[in-house]
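please find the sequence and the predicted model below.
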Amino acid sequence: MSTTNARRLRATMTEVEVYLWSRLKKLRAEGFHFRRQAPFLGYYLDFVCFSRRPVIEVDGGHHSEGPQADHDFVRDKILKRAGFKVLRFWNRSVRENMDGVMHAIRKELGAGS
């Protein structure tokens, strides 16, 4: 997976992803550096902090079965074996409860609230 593809994905981020990214960038002051659309083991991760190992995925809707669910299941299993923890948030949660989303992320990072 190339950085060219990652750049293309970054340029086409959804409104919700842009909103979350603006909040994640503020964590840099505390030493938590997130990357967006980062290529890793053949996948693109919505947001990842490699030093603390959380992967944040933003999904437009629930997909409990089908190709996307299968893809997510396999990817999440690979990430877990590599020492990452996947935090998945739905668009609606990000839009309506950003404080709760950021609290969950900060908790995973081991940061104060």
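Everything's here; your move.

SS state for Leu45?
Assigned state for Leu45: strand (three-state reduction, DSSP: H, G, I helix; E, B strand; the rest coil).

and the nearest residue to Arg88 once chain neighbours are set aside, how many neighbours does it have?
Distances taken as Cβ to Cβ, 6 or more residues apart in numbering put Glu57 closest to Arg88, at 4.7 Å, once the chain neighbours are dropped. (Glycine included, C-beta is placed from N, CA and C.) Glu57 has 17 neighbours, counted by other Cβ atoms under 10 Å.

list the residues that contact Glu57.
45-47, 72, 86-89 (Cβ atoms under 8 Å, 6 or more residues apart in numbering).

hmm, which two among these are most spread apart?
Phe47 and Asp72 (15.0 Å; Cβ to Cβ).

of these two, which one has the most company?
Taking other Cβ under 10 Å, Phe47 and Asp72 do not tie; Phe47 has more neighbours (20 against 16).

what about the protein, any weak spots by pLDDT?
1-3, 5-7, 9-10, 60-65, 112-113 (pLDDT under 70).

and the next element down the chain from the longest helix seen in it?
Longest helix in the chain by number of residues (criterion: DSSP state H): helix 67-81. As assigned by DSSP states H and E, the chain's next helix or strand after helix 67-81 is strand 85-90.
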